[in-house]
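>>> Task: produce atomic coordinates for the following.
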Amino acid sequence: MTSPETREIIEKAADDRRMHRCNIEALDGDVDQAAQYFGDVTTPDLIVVETALSGDELLSHLDALAENCDAGTHVLLVGSDNDIIQYRSLISRGISDYLLKPLTVGSLVEAAERIFIDPDQPTMAKLIAFYGAEGGVGASTTAHNVGWAMGTRLDEDVTIVDLDLCFGTAAFAYNLEVGQGVEDMLETPDRLDPQLYARYVLRHSDRVGILGTRANLGNDANIDYESLEEVLNFVRQQSGIVLLDLPHIWTDWVHQLLVAADEAVIIGTQDLAALRDLKSIVETLDKERGDENKVKVILNHSGISKKTEVPVKEFAEAIGSEPVVVVPHDPVVFGQAANNGQMIGDASAKHKAVEAFVELAKILTGKTQVATKGKKKAGLSLFKKKK
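Numbering: from 1, shown residues only. Model prediction:
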């Protein structure tokens, strides 16, 4: 029951990745029209009502609406009256939340999430997906080194999940050997428990864990999304942050993960082919993820060919998005680290690439300080499971 302005916000919210499982319908009217309408139909889980009413008149209409609501229906009210006494009256009447106009997509979606959060559900780790605009741009290397930065420099509990079942390198990059891999977890996701999980996860340190793959060409790269979602939901209960190292393929499950992840990081290089592909990916994902949660663009191998590469400023203008960090090209240091099964920070602690990885880790975790040895760990970045 909305004005044209609020209707537009609700329609945009319907396209938000966090609302992809919701059926949303917008109708015209105020609280009294809502009360009449729901007297004849089954009420949904959530009713969002915009009102220009206040005081006793508003409370009277809300009482009429309440009489026509089925058990379990929540009401979220949108209005202009910033009165604490009225707010308390509304809450005492059973209103789930009250939002002041002007309404935004973010405030609406976040309010809906708050209403349906189950306090008995376990907390879920932040999910961050890394994807290369082209093969060979260094998306996996970026994911692995950012995971290292989160655990080593920011003191976060992080788990890197290698989802390239045919060519994955996460365990190899950390000089670890996979016994049971992600492919085994996907076969029987319902069997996962903390004891079994402990046998799957490989440890680089107390803070950094890796769920690797045996990288077998016999593995099916077309992962079942429901099984994957079940596995990831379990992993997110065991860790503070989960990083996904995605293969460079464009399938339904990869697409769905890039839309559903809390953060989507797209890696490219400063050449025309990467520019074309990165622009297409960014435009597609930004439309589905919404204006308030756009993808983050990373430029890798910067300086590999200064005479021919597209300047950062022109690159940003072309794709409509500034790169979050730019990682310098250094084949010697990166090559030596790869050959030794090390992260760049282990091989060359003061390298400029390490600064870029740490900066990206800070941005993705929301942290501004690097952890100092001897100090207590800051609170984990944990998120409730999205409904």
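
>>> make it CA atoms for all contacts and neighbour counts henceforth
Noted.

>>> Against residue 308, how distant is the residue lying closest to residue 301 once chain neighbours are set aside?
Excluding the flanking residues, the one nearest residue 301 by Cα to Cα, 6 or more residues apart in numbering is residue 329, at 3.9 Å. Here the criterion is Cα to Cα, to the nearest Å. By it, residue 329 lies 14 Å from residue 308.

>>> neighbour-wise, which of the two wins?
residue 329 (16 against 11; other Cα atoms under 10 Å).

>>> That one reaches residue 299, doesn't it?
No: between residue 329 and residue 299 there is no contact under Cα atoms under 8 Å: 10.2 Å.

>>> Now do the domain split for this protein, please.
4-116, 123-384 (automatic domain parsing).

>>> show me where pLDDT drops low in the stretch 201-350 of the chain?
Along the stretch 201-350 of the chain, no part satisfies pLDDT under 70.

>>> Which stretches in it count as helices?
Applying DSSP state H, counting those that start in this stretch to the stretch 201-350 of the chain gives helices spanning 225-236, 252-260, 272-289, 312-319, 331-339, 344-347.

>>> now for those helices, which one comes closest to residue 164?
Between residue 164 and those, the shortest separation by Cα to Cα is 10.5 Å, and it involves helix 252-260.

>>> for the domains of the chain, which one ends up most surrounded?
domain 123-384 (a mean of 19; mean count of other Cα atoms under 10 Å).

>>> quick one: contacts for residue 227?
By Cα atoms under 8 Å, 6 or more residues apart in numbering, the residues touching residue 227 are 186, 187, 189.

>>> any idea which helix or strand comes after the longest strand seen in the chain?
For the chain, the strand with the greatest residue count under DSSP state E is strand 123-132. Next helix or strand after strand 123-132 toward the C-terminus (DSSP states H and E): helix 139-152.

>>> ok now that following helix, how far from the chain's centre?
17 Å (Cα atoms, centre = their mean, to the nearest Å).

>>> helices or strands next to that helix in the packing?
Packing partners of helix 139-152 (3 or more Cα pairs under 8 Å, 6 or more residues apart in numbering; DSSP states H and E): strand 123-132, strand 158-162, helix 170-173, strand 208-211, strand 241-245, helix 344-347, helix 352-365.

>>> Distance-wise, check the residue nearest the centre of the chain relative to residue 254.
When Cα atoms, centre = their mean is applied to the chain, the residue found nearest the centroid is residue 262 (0.8 Å). As defined by Cα to Cα, residue 262 lies at a distance of 14 Å from residue 254.
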